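Visitor: Okay, sequence plus prediction incoming.
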Amino acid sequence: MEKFIIKKYNKQKKINDLNSYLHMLKFDKPVSVKVETLHKKTTFKQRGFYFGVWIKILCFELYGLKNIDDVTEYYTLMMHEDLKRAFLKPIGTSRNGHKVYSIKGLNTVRFTEYTDKIKFESANHHGIQLFYPDEQPYFDELLIEYNL
């Protein structure tokens, strides 16, 4: 599958290239062309609050730990795997037949959709309120409450 990215500065040239490419191909069946807006990959800020705040809080609350400092890398990885399996579609299968899930390829929009699901599930099924960094003053209060 060919991918054409059309940016503002070379828009007409890319459209002409795409048009030429499509005419060059000899299709014996109808085809479709998908046009979508490109979004940036997940940001450092998104990954930071996800791993540094949300995952820690969920580990602390759901694994019954006595102190937020008891959240180790092991618990973090377990929680991350549980969340991926619960809220993402598999991206493939491993050699041993297990489904593979990843946040690595998510763009900012898809990552927000993923974290929205986590936020909803946490609040509605576990009574755990999670906030995004831009939800002030709630996010800062969350940091204070959990001593993060």
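Guide: Done, it's in.

Visitor: contacts and neighbour counts: CA atoms only from here.
Guide: Noted.

Visitor: ok, residue 91 to residue 45 distance?
Guide: Shown here: residue 91 relative to residue 45, a distance of 24 Å by Cα to Cα, to the nearest Å.

Visitor: oh sorry, the question was meant for residue 120
Guide: Taking Cα to Cα as the measure, residue 120 and residue 45 are separated by 20 Å.

Visitor: remind me which residues of this protein are low pLDDT?
Guide: Along the chain, the parts satisfying pLDDT under 70 run over 1-11, 13-14, 38.

Visitor: most centrally placed residue in it?
Guide: Central residue of the chain (Cα atoms, centre = their mean): residue 111, 2.5 Å from the mean position.

Visitor: Break down this protein into its helices, ranges please.
Guide: Listed in chain order, the helices found in the chain under DSSP state H are 11-24, 44-49, 55-62, 73-87, 108-126, 138-145.

Visitor: So which elements touch the longest one?
Guide: It refers to helix 108-126. Helices and strands touching helix 108-126, as assessed by 3 or more Cα pairs under 8 Å, 6 or more residues apart in numbering; DSSP states H and E, comprise helix 73-87.

Visitor: CA-only coordinates of the helix it packs on in PDB, if you can.
Guide: In PDB, the C-alpha atoms belonging to helix 73-87 read as follows (Å, rounded to 0.1, in the frame of the first residue of the first chain):
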ATOM      1  CA  GLU A  73       8.400  -1.400  38.000                       C
ATOM      2  CA  TYR A  74       6.900  -4.900  38.200                       C
ATOM      3  CA  TYR A  75       3.500  -3.500  39.300                       C
ATOM      4  CA  THR A  76       3.700  -0.700  36.700                       C
ATOM      5  CA  LEU A  77       4.300  -3.200  33.900                       C
ATOM      6  CA  MET A  78       1.500  -5.500  35.100                       C
ATOM      7  CA  MET A  79      -1.000  -2.700  35.200                       C
ATOM      8  CA  HIS A  80       0.100  -1.400  31.800                       C
ATOM      9  CA  GLU A  81      -0.400  -4.800  30.300                       C
ATOM     10  CA  ASP A  82      -3.800  -5.200  31.900                       C
ATOM     11  CA  LEU A  83      -4.900  -1.800  30.600                       C
ATOM     12  CA  LYS A  84      -3.700  -2.500  27.100                       C
ATOM     13  CA  ARG A  85      -5.500  -5.800  27.000                       C
ATOM     14  CA  ALA A  86      -8.700  -4.200  28.300                       C
ATOM     15  CA  PHE A  87      -8.800  -1.100  26.100                       C
END
